[in-house]
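K.L.:
Build me a model from this:
(3 chains)
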Amino acid sequence: MISLITYLINGISLGSVYAIIALGYTMVYGIAKMLNFAHGDVIMVGSFTVFWGISMQGFNPVLSVLLSIALCITLGITIEFIAYRPLRGAASSLVVLITAIGVSYFLQNIALLIFGANTKSFTSLINFGPVRLFEGQIIISGETIATIITCLIIMVCLTLFIKKTKPGQAMLAVSEDKGAAQLMGINVNGTITLTFAIGSGLAAIAGILLCSAYPSLSPYTGSMPGIKAFIAAVFGGIGSIPGALIGGILLGVIEILGRAYISSQMADVIVFMVLIIVLLVKPTGILGRKLQEKV
Amino acid sequence: MKDKLKKMPKTWLDNLITYGMVIIVFLLVQMFISRGLVSNLLQGLLVPLCVYVILAISLNLTVGILGELSLGHAGFMCIGAFSGAFFSKVMADIITVTAVRFTLAILVGALFAGVFGFLIGMPVLRFRGDYLAIVTLAFGEIIKNVVNALFVGVDSRGFHFSLKDSMSLGLEADGDVIIKGALGIIGTPRNSNFTVGIVLVLITLFIVLNLINSRDGRAIMSIRDNLIASESIGINVTKYKLMAFSISAALAGVAGVLYSHNLNSVAATPKNFGYNMSIMILVFVVLGGIGNIRGSIIAAVVLTLLPEMLRGLNNYRMLIYAVVLIAMMLFNWSPQILAWREQHSIKDFLRKRRKVQ
Amino acid sequence: MKKLRKALCLTLAAVLMTGTLTACGNTDSGTGGNSAASDTDSTESSVSSDAGVFKIGGIGPLTGGAASYGISVKNGAQIAVDEINAAGGIGGARVEFNMQDDELDAEKAVNAYNALKDWGMNILMGTVTSGCGVAVAALSSEDNMFQLTPSGSSVDVIKDNTNVFQVCFTDPNQGIGSADYIGQIGVAANDGDMVSRVAIIYDSSDVYSTGIYEKFVEASSSQPYEIVSVEAFTESSKTDFSVQLQKAKDSGAQLVFLPIYYQEASLILSQAVSMDYNPVFFGCDGLDGILGVEDFDTSLAEGLILLTPFAADAEDALTKAFVAEYQKRFNEIPNQFAADAYDAIYIIKDAIERSGATPDMSISAMGDALIGAITQISYNGLTGNDMTWEVTGEVNKAPKAMIIVNGVYQGL
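P.N.:
Below you'll find the model as predicted:
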């Protein structure tokens, strides 16, 4: 029983990292209708910036985090401007997917040239220690608590932003119908840029939390969590903000439980199997479309 | 002769150009090889080029003709590669005529991949768009992960399977482990060569081009263009979707057999059978023009050669490759750049000059 | 319009084709050779070029997730090559080294091999990984080219290939060695008793890891300890190890055997601490490098035991000089891959000197000469003393057991 609870907590801990990455995916997908495969690599850039700031330059952690967010936002806007915007209105939506992959290769190889291939150990930014329950039989790490809290805060903020502010409403409108939104006087390009900026800022935060929880950093750190988070986003219903949270956490829990009770070699197979089954039952994910929460 | 050419339907002529292109390249390369003008690198790349061309053509059948996005194509290649290599390895002593064994191995690879394509296609083809993409990606990863953990041994009592390690096969002393998990199959006969590769490319072209220009092909394309309309005129949507998807999978299996018989070993790594490879094949298709078979061939050749040609750049190789990829995509697809190219096209320029004269 | 695009693609293809076709014409500065050559040029102006050039090729992952191994090999080998050239080369002949990327893919490794042949490679120092090694060894044995792999430790790389030799231990060797060490010499568990319950965490998607794991389990059946938990992880899920550790903890394992690489091990160590699990961790040469991970909290690795032929803080003059040079040039502490590669270049040098091979020999003739010579030499280097080679390609050397105390290696 105790071990089951421990596994659940570990699953939630892993899942909350997926969830926070999935939020960025789902935002961008909801508005721009594109699978931004470079999202995982923006996460890596975010973590490297913090690593560079703290370990190599000796900056204050808060300054480093702000720097990282600022850099990722700039990067997101730049990528959108150079690689994605020119392809808006292209004959096939696949085209942007391919460019995103090109951007992903580009970011990985730039990081490889600058920081080298050797793994760096990321010093966790979370200062408070683990919480121990049941006489130390269950341990919840500070990183898990911080990730879940950050995840919830971001989710609430995003939801409020979309519901209560003008740019947020504009996003909603663009995601529903680009053409109509433009006719209503909404600056579609500006709204999409804003989405990329928010998504990339979230990626920076996700990167910091990912590397705090799993303190290992290399140019390829972002790609696998990126793919997993993408699956999490689809799981929860891509385009839905609460869906990203639910999808992420479910994915983490399934992965951990599958590894614990079925087979540690087949953990990924189990995750993908469950994904397929969920989609067969609910083709648009757990919270897909029906809830009008689309961003 | 010219009249005859004119009388031919336009698609025929188009197809003839495609076949001709492949054959001419083949003859040219053979000529260069016989004169000793071809570098080792390019000689080694000839079979992989055929592999990627077949993959690109077969994926174009799903993406371009059927109009469905698949990110799991490498999974079918994986199945073909492993079933073909397994067959060759087991039959090495029984069928000693290489040509017969290799032909059978190709058929086995195609059959297995096709059957898996059919089985996976049944549930999966209900999805559309990005959801289909993610589900095919999931299946591709499942195939890769299972094969990566698969152990198959043979001894006097027959075949043994395990998904854990080679000890749990419980082989007798005379037993031999054929598929060794992460290490894959070692010691496949290296039967693939450029001629076989080109023949398979031509067969693939023949199958796909004939399908496109047949009644079935038109039904498939009508599903792509308007699913509801085609359903309403009585086209069996499920049947045609499955047909295109399975053929595409079987052809990917053929490419897999060619791949696994080019090296002396085959292992399922993220690099060769993971989603990265599926995406790479998709890049060939999209860059070459969705639905454009000849374009896929050219794109597959260009993008396979490009990173190899850039070897001289050492550290900057993959970076330049990424930049070139993005640039090519923008150049070929961006509406603004296309409009600009329309205005500044060389043909127009020539035509205008001719008019002036 | 469409035609223009096609025309453009065709032209590009044609340009690329001609690029490849002409690359073979000039063997001296073929594909990829230029920059490696210019790297070495700076250091060995003293060597006359009359005696010819030994062209040593290297193959390994320089991009992608395994890039750190390939880059370490490249750096380590480059140091050795530069030293040899500065000291007058091999019998007056210069040495050139050219490392090509295989992206951890067998097919790309074969491409790299062919590109290196176009460059004029005489001897192959590679491949870095076993999977690629198997594919390349099939070609090199056809050409009868002498191949010395620094770190391709699977038996399948040398099996049936008379021309391939290893610098590192084979995987089975390491598995059996570890089992013997834990069973026969014994390891004191943290509660004071001798270890009797062992857990294993290995990477089932990695050739090296599964190779050691299988032999370890086989060899353990005759040992006085018991294996109580075996858990795997894969390439695509190697960030979270909580389940594997929890299972080891629940089964009461006093020692966790980690036949894996240091990147994952560093995560395992930190996650074990955060769940209050404190067994003895025991690993093989893949764990070497863990102290060199930038910003790694070395207190996590306290008490870690590893069987490794190389220790970056060994006190002998050779290691000290190598580590100092490596740090100066690449700003990192070298790991076992770099040391293996450094040794590999010097072993090739010894073999050339023993056999009297000259650069103008054909690939196959040089291969025969070196294959004959390597089994006769005895080499002292960074990764072992009195190293000798079997005809099969396997190396004989003694593994050293190291324990990490106060953030440094200590011999056991």
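
K.L.:
per-residue pLDDT, the residue nearest to B:Val38 when sequence neighbours are not counted?
P.N.:
Of all residues not flanking B:Val38 in the chain, B:Phe32 sits nearest, at 4.9 Å (CB to CB, 6 or more residues apart in numbering or on different chains). C-beta coordinates here come from the backbone N, C-alpha and C atoms, glycine included. Per-residue pLDDT puts B:Phe32 at 92.

K.L.:
just how off-centre is stretch B:73-87 within its chain?
P.N.:
The chain centroid and the centroid of stretch B:73-87 are separated by 12 Å, computed with CA atoms, centre = their mean, to the nearest Å.

K.L.:
CA atoms only: put that stretch into CSV for me.
P.N.:
Only the C-alpha atoms of stretch B:73-87 are listed here, as CSV (Å, rounded to 0.1, in the frame of the first residue of the first chain):
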residue,chain,number,x,y,z
HIS,B,73,6.3,4.9,-41.2
ALA,B,74,9.6,3.8,-39.8
GLY,B,75,7.7,1.3,-37.7
PHE,B,76,6.7,-0.6,-40.8
MET,B,77,10.2,-0.4,-42.1
CYS,B,78,11.4,-1.9,-38.8
ILE,B,79,9.0,-4.8,-39.2
GLY,B,80,10.1,-5.4,-42.7
ALA,B,81,13.8,-5.2,-41.8
PHE,B,82,13.5,-7.6,-38.9
SER,B,83,11.2,-10.1,-40.4
GLY,B,84,13.3,-10.2,-43.6
ALA,B,85,16.6,-10.4,-41.7
PHE,B,86,15.1,-13.1,-39.4
PHE,B,87,14.0,-15.1,-42.4
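
K.L.:
Is there proximity between that stretch and chain A?
P.N.:
No - Stretch B:73-87 stays clear of chain A (CB under 8 Å from any CB of the partner chain), getting no nearer than 11.0 Å.

K.L.:
Could you find the closest non-adjacent residue to the residue in the stretch 151-295 of chain A positioned nearest to chain B?
P.N.:
Residue nearest to chain B within the stretch 151-295 of chain A (CB to the nearest CB): A:Phe272, separated by 3.9 Å. Leaving aside its chain neighbours, A:Phe272 sits nearest to B:Ala138 (3.9 Å; criterion: CB to CB, 6+ apart).

K.L.:
That neighbour: which element?
P.N.:
In the assignment (DSSP states H and E), B:Ala138 maps to helix B:129-148.

K.L.:
After that helix, which helix or strand is next?
P.N.:
Taking DSSP H and E as the definition, the helix or strand that follows helix B:129-148 towards the C-terminus is strand B:151-155.

K.L.:
Output the contacting helices and strands for that next one.
P.N.:
Counting contacts by 3 or more CB pairs under 8 Å, 6 or more residues apart in numbering or on different chains; DSSP states H and E, strand B:151-155 packs against strand B:158-162, strand B:176-180.

K.L.:
Mind checking the ones you listed for the one nearest to chain A?
P.N.:
strand B:158-162 (10.8 Å).

K.L.:
hang on, C:Val228 in a strand?
P.N.:
Yes - checked against DSSP: H, G, I helix; E, B strand; the rest coil, C:Val228 lies within a strand.

K.L.:
C:Gln376: neighbouring residues, count only.
P.N.:
C:Gln376 has 12 neighbours, counted by other CB atoms under 10 Å in any protein chain shown.

K.L.:
Pretty sure it sits against C:Glu353.
P.N.:
No - counting by CB atoms under 8 Å, C:Gln376 stays clear of C:Glu353, with 11.3 Å between them.

K.L.:
What segments of the stretch 101-250 of chain A are strands?
P.N.:
Using DSSP state E, counting those that start in this stretch, the strands of the stretch 101-250 of chain A run over residues A:131-133, A:138-140.

K.L.:
what does the stretch 301-412 of chain C give?
P.N.:
Using DSSP E, counting those that start in this stretch, strands in the stretch 301-412 of chain C cover C:305-308, C:379-381, C:384-389, C:395-396, C:400-405, C:408-411.

K.L.:
Could you identify which of those is most buried?
P.N.:
Among the strands of the stretch 301-412 of chain C, strand C:305-308 has the highest mean neighbour count (mean count of other CB atoms under 10 Å in any protein chain shown), at a mean of 24.
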